[in-house]
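Output the structure for:
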Amino acid sequence: MGLPTENAQKPTFYYPRDVDWAKEDREGNPWDWTDTPATDTQRSPEQIICAYEFFAPLGRQGAFFTEVGEFNPTTVVFTMFEDEFAAAWGFTYATIGPSGTKWWFKFWRPVSGLGALTVYEVACVAQGTE
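Just a heads-up that it's a prediction; the model follows:
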């Protein structure tokens, strides 16, 4: 309901690499940066059925400050049901359509319900384009 019919226009969720080194520090960084990882896997991007809504925060909500001024990034909220939530869990960022904008995971909103259905919402923030 409301999703584009073309796959190229739908949201795509991307997941982080899972890298393990033979010798690593407590933060997961290798002792020797020239070593190859013992394991290096990454989950394939997925197009998950969800609704999405764009909005810009008002005032200082979501703002961040730099040397050149205050920025209020555009955000998107993805709304999904339980099965889609399980599929999206752990994603790093999402893209929507052919745009180069990456929507980085910010936080999961508290769970709400729609009758017997559980509804999940995730807020993401835009941080530039490639």
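
CA only for contacts and neighbour counts going forward, please
Will do.

Which elements pack onto the longest strand along the chain?
Of all segments of type strand in the chain, defined using DSSP state E, the longest is strand 117-126. Here strand 117-126 touches strand 75-81, helix 82-88, strand 103-108, strand 112-114, going by 3 or more C-alpha pairs under 8 Å, 6 or more residues apart in numbering; DSSP states H and E.

Taking strand 117-126 as reference, get the angle to the third one.
Right, strand 103-108. Orientation of strand 103-108 against strand 117-126 (axes from the mean of the first three to the mean of the last three C-alpha atoms, to 10 degrees) gives an angle of 130 degrees.

Okay, angle between strand 103-108 and strand 75-81 too, please.
Strand 103-108 and strand 75-81 are oriented at 60 degrees to each other (the same axes, to 10 degrees).

what residues are up against the residue nearest to the spatial centre of the chain?
With distances taken as C-alpha atoms, centre = their mean, the residue of the chain nearest its centroid is residue 93 (2.7 Å). Each residue near residue 93 by C-alpha atoms under 8 Å, 6 or more residues apart in numbering is listed here: 13-15, 102-105, 124.

For burial, what's the neighbour tally of residue 18?
10 (other C-alpha atoms under 10 Å).

I figured it hits residue 37, correct?
No. Residue 18 is beyond contact range of residue 37, at 10.0 Å (criterion: C-alpha atoms under 8 Å).
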